[in-house]
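[1] here is a sequence with its predicted model. Questions after.
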Amino acid sequence: MIIDFHVNFNNYKDKIFNYYGFWHYKCPCCNTRNSFTRHGSYVRNLCLINLSGIQEFKIKILRLCCNSCETTHAVLPPEAIPYCIYSFSFMLYVFIEHFVHNKNILKLSEKLNTSFQIIYVFISKLSSQLNKCISFLRAFLAVQLDYSSSFKEVISIVSKYKDFQKDYLVYTKSVFMMTRNVLSRNIYIVAYSKPPT
Ligand SMILES: [Zn+2]
């Protein structure tokens, strides 16, 4: 899996899916650089929060094949959380509404047209990652949090942290709020270096 922070949901089609040039990515399995060729695609759903509200999209995801070790890797835009149709922005919106603005979960689920059970799943996952998130925020931002800090305190900081998702992924080698565990060596993150032209 390759997560490219130089693209986004809106320009993914132009910059990734319809790109037939040279791929500069490094293979997450064998670390070989510049060895990819296009290798099919699949369609996935993605729930985003944008100016129009909550929208569910279908997006065609490109797969690349490493010519060196013959493994294939999906290239994901950063909004997508692997194996989950809900985007980072969607989950963060839920957390802000519930923990910071004290919105009731049932009312929130009605407003978002989703089940309240899904929101409880999000909260349960957040709860299991909260200490890791606090450790990250303490190390990266030197914020005054400790392991007894509330969801509200943590989410308030995350909501103002523009590059949270990217920095968290690079620093902790795991995707925030991902429900399935993928070994970190199987993710190649394109984050800080200049994008290929
Ligand atoms: Zn490889």
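    The structure has been received and is ready for your questions. Numbers count the residues shown, from 1 in each chain.

[2] which element is residue 108 on?
    Assigned by DSSP states H and E, residue 108 belongs to helix 105-112.

[3] check which helices and strands that helix sits against.
    In this structure, helix 105-112 makes packing contacts with helix 116-141, judged by 3 or more C-beta pairs under 8 Å, 6 or more residues apart in numbering; DSSP states H and E. Quick note: C-beta positions are derived from backbone N, CA and C, even for glycine.

[4] once you drop chain neighbours, what's closest to residue 138?
    Leaving out its chain neighbours, the residue that sits closest to residue 138 by C-beta to C-beta, 6 or more residues apart in numbering is residue 145, at 5.8 Å.

[5] where does the one you found fall, phi/psi-wise?
    phi -120, psi 150 (degrees, to the nearest 10).

[6] my understanding was that it contacts residue 135; is that so?
    No: the pair formed by residue 145 and residue 135 falls short of the contact definition of C-beta atoms under 8 Å, at 9.1 Å.

[7] the more surrounded of the two?
    residue 145 (18 against 14; other C-beta atoms under 10 Å).

[8] make sure residue 63 is indeed in a helix.
    No: assigned with DSSP: H, G, I helix; E, B strand; the rest coil, residue 63 falls outside any helix and is strand.

[9] which residues does the residue nearest in space to the middle of the chain contact?
    The residue lying closest to the centre of the chain (C-alpha atoms, centre = their mean) is residue 81, at 3.9 Å. Residue 81 makes contact with 87, 88, 91, 175, 176, 177, 178, according to C-beta atoms under 8 Å, 6 or more residues apart in numbering.
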